[in-house]
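Undergrad: structure for this input, please:
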Amino acid sequence: MKFGIIGTNFVSDFFMNGAKESERCEVVAVCSRKRANAERFAAKYEIEHVFDTYQEMAESGTIDVAYVAVPNSLHLEVSSYFLKKGIPVFCEKPLASNIDEVKEMVRLAKENNTYLEEGLIPLYNPNYKKLKESLGMVGKIHQVNLNFSKYSSRYDAYLNHENPTTFQRELSNGATMDLGVYVIGFCVGLFGKPKKIYSCAELLDTGVDVVGSSMFVYDGFVVNLTYSKASDTRNICEICGELGTITIDYPSQPQNIIFYDRKNKTSVTLSEKPKENFYYEIEEMIDRIADGKIESSDLPFKTMEDIHEVLTEVRRQSGIIFPCDRF
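TA: Sure, this is the predicted structure:
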C-alpha cells in the first residue's frame, strides 16, 4: 500500500522506522510547509515524490493512504481534505483539538466510506492487549496510577523566550495534548469513560499547560493520572487489586508488564518484546482497509470519541482553552 507523509517532524521519522518493518507499506510521497524540509526527508529515506502542498499530493494519484503529522490545530483541516477525496487517513495523536472536531472527522469517514485511524500508539501494542486480557489477575481493582512525564528540551526553549511550538495555544499544544493523551487513552481504553473527572494543570503564560493531573472516578476504584513536560520520572504505572499488582513501564509504548502476586510473593512477566511501535498501527490499517472497514478494531470510533470527550473535559476543567473550542 502506497503511503504519503504530510509533515516532517520527528514523529515522521518514527513512522518510517515502523514502515521499514512492514512489507506491505511503501512510502512514496512527502510534503511539508517548507519544501526544503520535504526534500531532505525524501533524500534521507529515498522517497520518490515531493509535493509543495497536501492538496497536490491528494490530486496526484500517487498515494493510497495519507499519514498526517502536522500540528494538532491542522489535523481536522488536512484529514478532512483526504477523507472527502476517499483517501484513507492515518492521523497522529491527538486526532483533533477537541471532541467536536473528532466527531466531524468520524462523520466524514462514514459519509465518504473512508478509513480513519488515530495514531495512539499503546492501544495497538500487543502488550497493551495482553494487559487488558490479564486485568482479572489482580482481583478487585481499588487503585490505578498512570504517569507519563518527560522533561522537554522545548521547555528549555520556552524558558529562553524562544516561543517553541510545543507550548503554543494556537497550535492546540501543551502537556495534556502531548503526554496526557497517552495516559487518558490508556485509561479509557482499559476501563471506559469515568463516572467523574477532576482535573487541574499548571499553565504557562502562553495559555497551555506544562504539567497536569487528573483523577478519574469509576465504580469501586479511582485512577490517578499525572503528566509533565518539565520533569522526568520513571513513568512506572500500576494497576492495584486485592490479589496483586500489575506494573507497566511506559504508558506510551508498554514493553515490560509484570504481575506481582500479593499472597504468594511471586511475579510473572506478561509482556513480550514488541516490534517498532508504528508497525502495529500500519499493519492494523492495511488489514482493516483490506477487510473493507472504515475504522480500527483496536481503536474503533466509539472508543476514539470517548477518549476525546474525556480529553476535552480535562482541558476545560484545567482552563486550557484553544481558539477552536466552544466552551
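
Undergrad: what ranges do the helices span in the stretch 1-150 of the chain?
TA: For the stretch 1-150 of the chain, helices defined by DSSP state H, counting those that start in this stretch occupy the ranges 10-21, 35-45, 54-60, 75-84, 99-111, 126-134.

Undergrad: so who does Phe14 touch?
TA: Applying C-beta atoms under 8 Å, 6 or more residues apart in numbering to Phe14 gives the contacts 276-278. Where you see a C-beta, it was placed from the backbone N, CA and C, and this is true even at glycine.

Undergrad: for Cys187, state which of the residues you listed is nearest.
TA: Using C-beta to C-beta, Asn277 is the member of the contacts of Phe14 that sits closest to Cys187, with 19.0 Å.

Undergrad: go ahead and confirm the closest one touches Ile121.
TA: Yes. With contact taken as C-beta atoms under 8 Å, Asn277 and Ile121 are classed as touching, separated by 4.9 Å.

Undergrad: just want to know which of these two has more residues nearby.
TA: Relative neighbour count places Ile121 above the other of Asn277 and Ile121, with 24 against 20, counting by other C-beta atoms under 10 Å.

Undergrad: pick out the residue nearest the middle of this structure.
TA: Leu120 (2.9 Å; C-alpha atoms, centre = their mean).

Undergrad: so that one touches Ile184, yeah?
TA: No. Contact criterion C-beta under 8 Å: Leu120 and Ile184 do not qualify, at 9.6 Å.

Undergrad: returning to what we had before: lowest-confidence one in the contacts of Phe14?
TA: Within those, pLDDT reaches its minimum at Asn277, with 88.

Undergrad: what about that one, distance to Cys91?
TA: 16 Å (C-beta to C-beta, to the nearest Å).

Undergrad: all strands of the stretch 51-200 of the chain, in order?
TA: If DSSP state E, counting those that start in this stretch is used as the criterion, the strands of the stretch 51-200 of the chain fall at 65-68, 89-92, 116-119, 141-149, 196-203.

Undergrad: tell me how far the residue nearest to the centre of the chain lies from His308.
TA: With distances defined as C-beta to C-beta, the gap from Leu120 to His308 amounts to 10 Å.

Undergrad: before we move on, what about Arg234?
TA: Counting by C-beta to C-beta, the gap between Arg234 and His308 amounts to 28 Å.

Undergrad: got it, and Asp232?
TA: The spacing between Asp232 and His308, counted by C-beta to C-beta, is 28 Å.

Undergrad: check Glu101 too.
TA: Using C-beta to C-beta, one obtains 8 Å as the distance from Glu101 to His308.

Undergrad: start and end of stretch 295-309, how far apart?
TA: Using C-alpha to C-alpha, to the nearest Å, the span of stretch 295-309 from its first residue to its last is 18 Å.

Undergrad: what residues of it count as buried?
TA: 295-296, 298-299, 301, 303-309 (16 or more other C-beta atoms under 10 Å).

Undergrad: chain center to that stretch, what's the gap?
TA: The offset between the C-alpha centroid of stretch 295-309 and the centroid of the whole chain comes to 11 Å, using C-alpha atoms, centre = their mean, to the nearest Å.

Undergrad: state the mean pLDDT of it.
TA: When pLDDT is averaged over stretch 295-309, the result is 98.
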